[in-house]
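Asks: sharing a model prediction with you, sequence too.
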Number of protein chains: 2
Amino acid sequence: MPKLSHKADQMPASPIRKLMPSADIAMQKGLNVYHLNIGQPDIPSPLQSIEAMHEWNIPVLAYTRSEGTLEYREALTTYYHGKGFSDLTPSNFMVTNGGSEALLFTLSLIANAGDEIIIPEPFYANYNGFSVQTDVNVVPISASIESGFALPDIADFEKKITDKTRAIVICHPGNPTGYLYSKEELDKLRDLVLKHDLYLISDEVYREFTYDENHISVLAYPDLAQNAIVIDSESKRFSMCGIRLGAMISRNEELLAAAMKFAQARLSPVLVSQIIATAAHRESAGYLMQAKAEYSQRRNFVVDALNRIDGVFVPKPKGAFYCVAKLPVENAEDFAKWMLEDFEYNGETVMVAPNTGFYSTPNSGLDEVRIAYVLEISELDKAVKILEKGLEAYRAR
Amino acid sequence: MPKLSHKADQMPASPIRKLMPSADIAMQKGLNVYHLNIGQPDIPSPLQSIEAMHEWNIPVLAYTRSEGTLEYREALTTYYHGKGFSDLTPSNFMVTNGGSEALLFTLSLIANAGDEIIIPEPFYANYNGFSVQTDVNVVPISASIESGFALPDIADFEKKITDKTRAIVICHPGNPTGYLYSKEELDKLRDLVLKHDLYLISDEVYREFTYDENHISVLAYPDLAQNAIVIDSESKRFSMCGIRLGAMISRNEELLAAAMKFAQARLSPVLVSQIIATAAHRESAGYLMQAKAEYSQRRNFVVDALNRIDGVFVPKPKGAFYCVAKLPVENAEDFAKWMLEDFEYNGETVMVAPNTGFYSTPNSGLDEVRIAYVLEISELDKAVKILEKGLEAYRAR
């Protein structure tokens, strides 16, 4: 057969989904599996979104404008005005197929083959995949679990900046860390990117879910108008990952004009998804408040419960719906696999995501897992107990 | 501001959509614009698809499997069994965000930066964009309008094959040409790709719309099991471009396994779109027959009407819903723009797509436009008359 590309080899398997075959084994045994591995929220999507589908009465499911429908970009504009960014207009929004496509567009727009982006690790695992896909090199800077994954020293960033560096990427609040950058930390990043003329790419898809402090967007920095690029998505905010609707947001007109060419090449984002999301943004305040309250309770519960397990350490996340747990095992991936293939407790088991795939530095976070608290507290309670029993049995092997 | 990438510069503007600002001028003047520029079918989407949206009763709009839902891949499998490819199973299908993503995945999977793909031109313009995005070089081979855009001599292909050549790409039936490759032509391509160990990428999204001869898929060649990659989409088949649902289809297991890593990085195709398309595939035979009959009538009408205009030549297309018209003008893009900005006939005008953007060789097809027959015959009738009046006035300036 003809050869495949280097990218086909280099592309990493998803650490979130790579244990699916092991999960299939568990399910074939008839086990009930608690999925703490994937950030698929369980909270129902907004009712008015479902109603928008029910009320659909246009006969042709047609393309929309490549940058997204005006109605949906107006809904986004109103949402961002509510966050205090009253200068934004629909033309600041490039609507994409999920945050994923927004990231792909962004990397393609700002970096040439072999250029570098600096990312504090652990970070959202698929940044690795998108970087391979766009021939960009990820330069990681390790954040420590002991500090709760706070921003590493700016001096560490300075050391890694070369003439190939194009951007700093942050996930804010963080997946998998749940860390929320403070104003002081963001100020430092602002100074850094201005000093070196870099882009600051901020993935803010979890911004609605912060539990102790308010989220500060990089859009709050007027002096970053040319540098700041925000990645957004409706997936987590409105519990509708399956509509694959995101956006790239910027005040940089040249960047947006170039993004339009990428958007036109793939014609348009999904019409139906834009209808659904436009409806979701109507009267969303109550929905978002309830969702946040629910995740906040779960966070408190699951972090406390996990920290009570012998040898487990979980820094308290300030946002998103993940936490990173350091486990008393040598290889958390082996443990996660074993939980699915060789363990059960009263006919049930738990699936977690090995955290090593969220690092770019090889062999980092080997004893860590990411846990998504996307189950009700009663279920989380059972899941944590099973995890505890599993750890005991695994260590006693 | 920080610099943009080379790709941001090199990315071509869409020839189909780049005249949108001119169209906006026409619309601001209150003109009725006949859109012959874009392949957005006017035929209603299947009723059962709209009903599937109306019947939606699942509270969370969740991710699906990265390769697509089993239900939808089973629907595709059944559809392809109906075409005679009874060996295919759901595992041969990688569901994507439109044919666009299927093409992006494919190019990323088979070619390294600087590798080449050979494409008979004119070809679907966005192949240029996807190639820029994936750092692949397009090597065009000119098909002639006089031959109706038949496959160029295989000797022409042989001359262009280097150690960087990775694939031959065909659009079959062709956009913008409407040309349908014969068994004899496909046999030649088969021999060529086997001789040089290349992939044969066949974009078959218009396969349902052929008017004189039957469509032969590259999947019909068992000896191309490792080489053939089909790009498919529901957009044109079921008049639902706005659901952005496509697929990459192959018998090459190694290719499919690598494609899964790309699919996982962007998590999943659109849930709602898969529900809609699964419904469309139920009892679709009558729908497809009617659509084909409608396009067939339009083709006959519009090609004859255009060829009656003084100085216009249109080879009769065998498939898709496009034709290429050679106009008695020097620069068809200037003419198309002028039609929108400076011309009207009884308060109406026509928008066509300059064909030069469908070539890779600079300054090719300067006097050609692509016309999509996606309007009813009564509308096409008016549009062609306006085009005729416009040509007269433009030449008399």
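Replies: Yep, it's here.
Asks: give the buried residues for stretch A:383-397.
Replies: For stretch A:383-397, burial by neighbour count (16 or more other Cβ atoms under 10 Å in any protein chain shown) applies to A:383, A:384, A:385, A:386, A:387, A:388, A:389, A:390, A:391, A:394. In short, each C-beta sits where N, CA and C put it, glycine included.
Asks: am I right that residue A:370 is in a strand?
Replies: Yes. Under DSSP: H, G, I helix; E, B strand; the rest coil, residue A:370 falls within a strand.
Asks: still on that earlier bit, among the buried residues of stretch A:383-397, which are in reach of chain B?
Replies: Subset of the buried residues of stretch A:383-397 in contact with chain B: empty, counting by Cβ under 8 Å from any Cβ of the partner chain.
Asks: just these now: which is nearest chain B?
Replies: Proximity of the buried residues of stretch A:383-397 to chain B (Cβ to the nearest Cβ) peaks at residue A:383, which lies at 18.5 Å.
Asks: any idea which element that closest one lies in?
Replies: Assigned by DSSP states H and E, residue A:383 belongs to helix A:377-395.
Asks: what residue lies at the spatial centre of chain A?
Replies: Nearest to the centroid of the C-alpha atoms of chain A, with distances taken as Cα atoms, centre = their mean, sits residue A:175, at 4.9 Å.
Asks: residue contacts, it?
Replies: If you count contacts by Cβ atoms under 8 Å, 6 or more residues apart in numbering or on different chains, residue A:175 has them with A:39, A:123, A:124, A:203, A:206, A:320, A:322, A:370.
Asks: hmm, try it at 6 Å
Replies: A:124, A:320, A:322 (Cβ atoms under 6 Å, 6 or more residues apart in numbering or on different chains).
Asks: just the buried ones from the residues you listed?
Replies: A:124, A:320, A:322.
Asks: for these, which one is nearest residue A:214?
Replies: residue A:320 (14.6 Å; Cβ to Cβ).
Asks: how about that closest one, nearest residue that isn't a chain neighbour?
Replies: Using Cβ to Cβ, 6 or more residues apart in numbering or on different chains and skipping the chain neighbours, the partner closest in space to residue A:320 is residue A:206 (3.9 Å).
Asks: can you point out the buried residues in the longest helix anywhere in chain A?
Replies: Counting by DSSP state H, the longest helix found in chain A is helix A:285-307. For helix A:285-307, the neighbour count (16+ other Cβ under 10 Å) marks A:287, A:291, A:294, A:295, A:296, A:298, A:299, A:301, A:302, A:303, A:305, A:306 as buried.
Asks: isn't the first one right next to residue A:47, touching?
Replies: No. Counting by Cβ atoms under 6 Å, residue A:287 does not reach residue A:47; the two are 8.5 Å apart.
Asks: residue numbers of the stretch 51-200 of chain A in contact with chain B?
Replies: A:53-54, A:56, A:59-63, A:97, A:100, A:108-113, A:126, A:129, A:133, A:197-199 (Cβ under 6 Å from any Cβ of the partner chain).
Asks: which of those fall in strands?
Replies: Counting by DSSP state E, the part of those found in strands is residue A:199.
Asks: quick check, pLDDT for the closest residue to residue A:357 other than its chain neighbours.
Replies: Nearest residue to residue A:357, sequence neighbours excluded (Cβ to Cβ, 6+ apart): residue A:15, at 2.3 Å. The model reports residue A:15 with a pLDDT of 76.
Asks: element containing the closest residue to residue A:183 other than its chain neighbours?
Replies: Distance criterion Cβ to Cβ, 6+ apart; nearest residue to residue A:183, sequence neighbours excluded, is residue A:216 at 5.6 Å. Counting by DSSP H and E, no helix or strand carries residue A:216.
Asks: what is the burial count for residue A:216?
Replies: For residue A:216, the neighbour count with other Cβ atoms under 10 Å in any protein chain shown is 20.
Asks: can you tell me how far it is from chain B?
Replies: 22 Å (Cβ to the nearest Cβ, to the nearest Å).
Asks: let's see the distance spanning stretch A:19-35 from one end to the other.
Replies: 11 Å (Cα to Cα, to the nearest Å).
Asks: next, the buried residues of it.
Replies: Under the neighbour-count criterion of 16+ other Cβ under 10 Å, stretch A:19-35 has A:19, A:20, A:22, A:23, A:26, A:31, A:33, A:34, A:35 buried.
Asks: how far off centre is it?
Replies: Remark: stretch A:19-35 is offset 24 Å from the chain centroid, using Cα atoms, centre = their mean, to the nearest Å.
Asks: need the contact partners of stretch A:362-381.
Replies: With Cβ under 6 Å, 6+ apart as the criterion, stretch A:362-381 contacts A:36, A:39, A:41-42, A:122, A:176, A:298, A:301-302, A:321-327, A:329, A:331-332, A:352-356, A:359.
Asks: any of those buried? List them.
Replies: For those, a burial check counting by 16+ other Cβ under 10 Å picks out A:36, A:39, A:41-42, A:122, A:176, A:298, A:301-302, A:321-327, A:329, A:332, A:352-356, A:359.
Asks: among those, which are located in helices?
Replies: Using DSSP H, the members of the buried ones among the contacts of stretch A:362-381 that fall within helices are A:298, A:301, A:302, A:332.
Asks: restrict those residues to those near chain B?
Replies: Contacts with chain B within those, counted by Cβ under 6 Å from any Cβ: none were found.
Asks: for stretch A:143-157, list every residue counted as buried.
Replies: Of the residues in stretch A:143-157, A:143, A:145, A:148, A:149, A:150, A:151, A:152, A:157 count as buried by neighbour count, 16+ other Cβ under 10 Å.
Asks: dump the helix or strand hosting residue A:48 to CSV, keeping only the CA atoms.
Replies: Counting by DSSP H and E, the element that carries residue A:48 is helix A:47-54. Provided in CSV are the C-alpha atoms of helix A:47-54 (Å, rounded to 0.1, in the frame of the first residue of the first chain):
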residue,chain,number,x,y,z
LEU,A,47,-35.0,23.3,27.3
GLN,A,48,-35.4,26.2,24.8
SER,A,49,-32.7,24.6,22.7
ILE,A,50,-34.6,21.4,22.3
GLU,A,51,-37.8,23.4,21.6
ALA,A,52,-36.0,25.3,18.9
MET,A,53,-35.4,21.9,17.1
HIS,A,54,-39.1,21.0,17.7
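Asks: how far off helix B:47-54 does it point, in degrees?
Replies: Interaxial angle of helix A:47-54 relative to helix B:47-54 (axes from the mean of the first three to the mean of the last three Cα atoms, to 10 degrees): 170 degrees.
Asks: tell me what helix A:47-54 is packed against?
Replies: Packing contacts for helix A:47-54, counted by 3 or more Cβ pairs under 6 Å, 6 or more residues apart in numbering or on different chains; DSSP states H and E, involve helix A:271-281.
Asks: contacts for the helix it packs on?
Replies: With Cβ under 6 Å, 6+ apart, helix A:271-281 has contacts from A:46, A:48-49, A:52, A:61, A:64, A:69, A:71-72, A:75, A:79, A:234, A:238, A:243, A:245, B:242, B:272.
Asks: pull out the buried members of those residues.
Replies: The neighbour count (16+ other Cβ under 10 Å) marks A:46, A:48-49, A:52, A:61, A:64, A:69, A:72, A:75, A:79, A:234, A:238, A:243, A:245, B:242, B:272 as buried among the contacts of helix A:271-281.
Asks: who's in contact with residue A:355?
Replies: Applying Cβ under 6 Å, 6+ apart, the residues near residue A:355 are A:122, A:324, A:365, A:368, A:369, A:370.
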